[in-house]
Each structure stands twice: as C-alpha cells, then as structure tokens.
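Enquirer: Build the 3D model from these lines:
(chains A and B)
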Protein chains: 2
Amino acid sequence: MKVVLIGSGNVATHLGIALKEAGHEILQVWSKTFLHGKALADVLHTTATDDLTKVDPEGEIYIIAVKDDFISQVVAELNFDHQLVVHTSGTVSIDELAVHTPHYGVFYPLQTFSKNKSVEFLSVPVLVEGSTKEVGELLFTLAGTISNHAYKMSSEERSVLHLAAVFACNFSNHLYSLSSEILQQRGLDFNLLKPLIAETAAKIQNHPPNEVQTGPAIRNDLFTLAKHKELLTNYPDLKDIYEILSNSIMRSKL
Amino acid sequence: MKVVLIGSGNVATHLGIALKEAGHEILQVWSKTFLHGKALADVLHTTATDDLTKVDPEGEIYIIAVKDDFISQVVAELNFDHQLVVHTSGTVSIDELAVHTPHYGVFYPLQTFSKNKSVEFLSVPVLVEGSTKEVGELLFTLAGTISNHAYKMSSEERSVLHLAAVFACNFSNHLYSLSSEILQQRGLDFNLLKPLIAETAAKIQNHPPNEVQTGPAIRNDLFTLAKHKELLTNYPDLKDIYEILSNSIMRSKL
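Expert: Numbers count the residues shown, from 1 in each chain, chains lettered A, B, ... in the order given. Here you go, the predicted model:
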C-alpha cells in the first residue's frame, strides 16, 4: 500500500521500517519538527513535511502515530474526505477519527519501542479495528504483512488490553527503577539483578505467572517481610508499595 | 570439592547440577522426604538419606538449601564440630550458622529457579560470605567454578539486594499475574502481552530503567489515568495498586 506516516516518534519509526521492509511504499513523513520528519524520511527513502496542509493526498492509508492528546487536533487539520485514516494508540477510541471520512480505523502495535533498539516486528501483536467491515479486513490484511500476530479487536477490548499492559510492563519497569534506587542508596550494583529480571520475564513465557510466584509474601515468610519493612523505615513511599504488593500476593495464594 | 547437599528443592537441584558439571563430587543428598532426595541423588549419581544423623561426615562443604525458617533447625541437628557449613538464603544472616563449627558461610545464587527449567549458571551472580577470611576466599573460589559472577558480600548488603530483588522480580511477576487476571475477566488472551513483557525486561539490560519508562503516568496523561481507574471501579484492590504505582511513577519523573 501507499503509506503516509503522520508522526516521527518511536512507533512511526518502527512501523515505517517494518512496512517498508514488507514492500509497502512510504509516500511521505509528516512531523511537527521538520528535522525529525526528515531523519525518518531519509531512513525510509522518502520525503518529509511539517505542514499538515501539504500532506500528500495520494496515500492509500494515513497512519497517525502521534501523542494521544494530539490525535484529534491532527485529524481536524488533515481535512480529508475519503482517505483511510488510522491511529496507533492503545487507549484512544476509534471514534475520535470519525470527523471527515467514513474510512478510519485503529492499527495498534502492542509493543514498547525505543529509539535505538530494533524490534522483531513479526512477533509483535498488531490489533486492528475498522469503521466498516471492509476497513477492518483491509487493516487485518495489512497487519498480516508485517506481523504473525494480527488480531481484530474493539476499542473497548483494546483499552482493557492497554490497562493490562500498564500493569505488566509500565509498572514492572518502574519496579526495576525502584530496585535500582534501593541498590544505589547502599552502593550496590543494579547489574547484579539483571539475570534475575531476565529469568523472571522468561519464565512466564511458558508458565502461568501465578504458578511461578516466588518470594517471601507467597511463602508467608513473616520474618522476612518484617525485616524488609524495617529496611524501608526511612522510605515511606517504598514501604507503602512493598506492603500493598505483598498483601496482594498473599491474597492471591492458590 | 566433596559436597553434601542438605535439601532437594529448586536451589539444591540447580546448584547440585552446576557443581557436578564443574567437576565437584556430590557425596550425598539429604532431604526430609526420602523420595525427593533420591530423585535428585539419581540425577547427581550419588546416594540419598532422610536422616540428619546419617549425613556423611566426610564432606568438605555442606550446603544447606532448605526453607529459611528451617535452616536453624537443620543446623542444630547436624551436630558437626569442624566441617564447613553454608546456607543459600538471601535473607538469613550468616550468624544463624554459628552453632557448632567455626567454619561457616553463605553461598547465595541470586536467581529464581524452577523445577523443569534449566538455567545458564555461568551468568548467575553468586554472593558469598565467610565466617573467616579463609572461608570467604574458599567460597569465592568455589563460586568461581560455576559462575562468572562471584561476589563477596556481607549479610547486610545481601539483605538489601534481596529486598531489591523482591521489588524487581517477585513484585513484577505478581503484576504479570494481575494483568493476566484483568485479561481473563474480559476473555482476552495473556499471550498477547508476552512479547511486550519480554521486551520490557530486555530493555533494561542495556538502559537504566528510569530512562526507558513509558506509559500514561510518566507522560502525565491524565485522560488515560482516569479512564483506567474507571475500568477498575469494581476492583478496589487493583485500583489501589494502580494508583500507588502511577503516583510513584509521576513522582519519579526525571
């Protein structure tokens, strides 16, 4: 398909590269910061613009990969009447695109993308939703050209999935940060925990997480729980988190 | 070295296999459940007992890998006067072993072990502590035969590290469980999140976790935060966890 990318951040970059590699043509990249758009356009061997009124009208699909809060503003300025427009957000409803055109949808790759780290896109779930059955089919087919895991999903299902992803990923990453702080305060090296973090995440690829829960809370090891809370005496925020999660683990005991 | 394993759980099993593969001789396995000890002894081509008074006195090191609460009881029953005895706990102080013998220590592999999943032991940090400088050196050397990451660490440092591991690993795994529940309640498949979980853990192998934090809280995306809390209206425990961790992320903003 002839693709126009609206956005030049991590999602636009990884999606653009995957689409290009799958044989699609990237017509143009729009970014509010011209140099960012130009940098991505160079990678994709195409042109860039920072002017929404100059977006190429010949695209077969316009993929809006900008911050959630900015999507409706971009859509309002696009001023299209028949083109297929999709966004890539986990949270924003498909309805926010129902402005000018009857052809719109959602094309949400469920992955965390970083600037300088490539991703095996074939294993990334891509969740699609169309304003019509035909659009849904088309997006499903497009998703299948870059991923082995294309799914049709309603806005409501997608928002539940996004919520679950916040628990599993955003919150886990924050716990990595907190543990790194705990170590730093005592001059210990976060590298020590990296094999353990890798193994914890690897384990649930093949086991239900509640079956491989370890640690003092699931063992009901009150001695260790008390000792840990004592170590956190001067860190009330960490202590609160420790208590709420330990209590939740104890409640979850199979 | 001639090793006697006291215990037949996951730590004893993985440690026993790693030591055997490194060329050490496993003299005997003790387990309170004879069949468990026998099963591990078979793997290690050695004998088993369930009687602490029949533990072979010819060992050069006795590795106690039993539940934390059970360590002092086992030590009391061992009745040794000169043998080197170590435990493998992240939390229990070295002092709990100071009963009969001046030679004791800690040999703590910082990893989460599962029954049917092999572990690349060379990359597992092993934290050692000795009752004397000589014992410390000996344990450090022993750790170096099975791991590329041997460290000397005091009981106090080890307990801080263990606390940090609870945050990074036990709590993360519980968040995987909670996200799995959220999905299950709406008939969605936890498999969808597995690539994201793998990538989140992979990312921090090369980036400080606070620099790769993503999600609505770090973006201060109040719309999504409110929407997520609404989705959790009927799940007060999950809502509390969502709020406390989101607030912590917002406070941590760089």
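Enquirer: Stretch A:46-65 vs chain B: in contact?
Expert: No: using Cβ under 8 Å from any Cβ of the partner chain, we find that stretch A:46-65 stays clear of chain B, coming within 14.2 Å at best. No exception for glycine: its C-beta is placed from N, CA and C like everyone else's.
Enquirer: Would you mind listing the buried residues in that stretch?
Expert: A:46, A:48-50, A:52, A:55, A:59, A:61-65 (16 or more other Cβ atoms under 10 Å in any protein chain shown).
Enquirer: I'd like to know the average pLDDT value across that stretch.
Expert: Per-residue pLDDT over stretch A:46-65 has a mean of 96.
Enquirer: Put the alpha carbons of it into CSV.
Expert: What follows is stretch A:46-65, C-alpha atoms only, in CSV (Å, rounded to 0.1, in the frame of the first residue of the first chain):
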residue,chain,number,x,y,z
THR,A,46,11.1,9.3,1.1
THR,A,47,10.2,13.0,1.7
ALA,A,48,9.2,14.9,4.8
THR,A,49,6.9,17.9,5.6
ASP,A,50,6.0,19.7,8.7
ASP,A,51,2.8,21.2,7.2
LEU,A,52,-0.4,19.2,7.6
THR,A,53,-2.0,21.1,4.6
LYS,A,54,0.9,19.7,2.4
VAL,A,55,0.3,16.1,3.3
ASP,A,56,0.3,14.1,0.0
PRO,A,57,-3.4,13.3,-0.8
GLU,A,58,-2.4,10.2,-2.9
GLY,A,59,-1.8,8.0,0.1
GLU,A,60,-3.9,4.8,0.4
ILE,A,61,-3.5,4.9,4.2
TYR,A,62,-2.6,7.6,6.6
ILE,A,63,-1.1,6.3,9.9
ILE,A,64,-1.3,8.8,12.7
ALA,A,65,1.4,7.9,15.2
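Enquirer: And what about the nearest residue to A:Ala150 once chain neighbours are set aside, helix, strand or coil?
Expert: Leaving aside its sequence neighbours, A:Ala150 sits nearest to A:Ala143 (Cβ to Cβ, 6 or more residues apart in numbering or on different chains; 3.6 Å). Three-state assignment for A:Ala143 (DSSP: H, G, I helix; E, B strand; the rest coil): helix.
Enquirer: check contacts around A:Ala143.
Expert: By Cβ atoms under 8 Å, 6 or more residues apart in numbering or on different chains, A:Ala143 lies in contact with A:107, A:126, A:128, A:150.
Enquirer: element containing the first one?
Expert: Pointing back at A:Phe107 there. Following DSSP states H and E, the helix or strand that holds A:Phe107 is strand A:104-109.
Enquirer: Backbone dihedrals for the residue lying closest to A:Ile218 once chain neighbours are set aside, please?
Expert: Spatially, and ignoring its direct neighbours in sequence, A:Ile218 is nearest to A:Ile249 (5.4 Å; Cβ to Cβ, 6+ apart). Main-chain torsions, A:Ile249, degrees, to the nearest 10: phi -60, psi -40.
Enquirer: coming back round to it: return the subset of the contacts of A:Ala143 lying in strands.
Expert: Within the contacts of A:Ala143, residues falling in strands by DSSP state E are A:107, A:126, A:128, A:150.
Enquirer: Narrow these to those that are buried.
Expert: For these, buried by 16+ other Cβ under 10 Å: A:107, A:126, A:128, A:150.
Enquirer: Rebuild these as CSV, extending it with pLDDT.
Expert: Below are those laid out as CSV (pLDDT from 0 to 100):
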residue, pLDDT
A:Phe107, 98
A:Val126, 97
A:Val128, 98
A:Ala150, 96
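Enquirer: how about the helices in chain A?
Expert: A:10-21, A:34-43, A:71-78, A:133-146, A:155-165, A:172-185, A:194-203, A:222-231, A:236-252 (DSSP state H).
Enquirer: what bits of chain A have low per-residue confidence?
Expert: The model of chain A has pLDDT under 70 over residues A:254.
Enquirer: Where do the domain boundaries of it fall?
Expert: Using automatic domain parsing, the domains assigned to chain A come out as A:2-153, A:159-252.
Enquirer: And the ones you listed: which comes nearest B:Gln185?
Expert: Taking Cβ to Cβ as the criterion, B:Gln185 comes closest to domain A:159-252 out of those, the separation being 8.4 Å.
Enquirer: End to end on that closest one, go ahead and measure it.
Expert: 24 Å (Cα to Cα, to the nearest Å).
Enquirer: And for stretch A:84-104?
Expert: By Cα to Cα, the extent of stretch A:84-104 from end to end equals 5 Å.
Enquirer: So for it, what gets flagged as buried?
Expert: For stretch A:84-104, burial by neighbour count (16+ other Cβ under 10 Å) applies to A:84-94, A:96-97, A:100-101, A:103-104.
Enquirer: Which ones among the residues you listed also lie next to chain B?
Expert: Near chain B, judged by Cβ under 8 Å from any Cβ, the entries from these are A:Thr91.
Enquirer: Give me the subset of the buried residues of stretch A:84-104 lying in strands.
Expert: Using DSSP E, A:85-87, A:104 are the members of those that sit in strands.
Enquirer: Relative to chain B, which of the buried residues of stretch A:46-65 is nearest.
Expert: Using Cβ to the nearest Cβ, A:Ala65 comes nearest to chain B of the buried residues of stretch A:46-65, at 14.2 Å.
Enquirer: Tell me who's in contact with the closest one.
Expert: Listed by Cβ under 8 Å, 6+ apart, the contact set of A:Ala65 reads A:5-7, A:9, A:11-12, A:15, A:87-88.
Enquirer: My read is that A:Ser8 contacts A:Gly37, right?
Expert: Yes: shown here, A:Ser8 and A:Gly37 form a contact pair, counting by Cβ atoms under 8 Å, at 4.8 Å.
Enquirer: ok, back up a step: just put the buried ones among the ones in strands among the contacts of A:Ala143 in a markdown table and tack on distance to B:Leu231.
Expert: Output for these, formatted as a markdown table (distance: Cβ to Cβ, whole Å):
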| residue | distance to B:Leu231 |
| --- | --- |
| A:Phe107 | 22 |
| A:Val126 | 22 |
| A:Val128 | 21 |
| A:Ala150 | 25 |
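Enquirer: re the thing from before, most widely separated two among the buried residues of stretch A:46-65?
Expert: Pairwise distances across those (Cβ to Cβ) peak at 20.5 Å, for the pair A:Asp50 and A:Ile61.
Enquirer: Much appreciated, bye for now.
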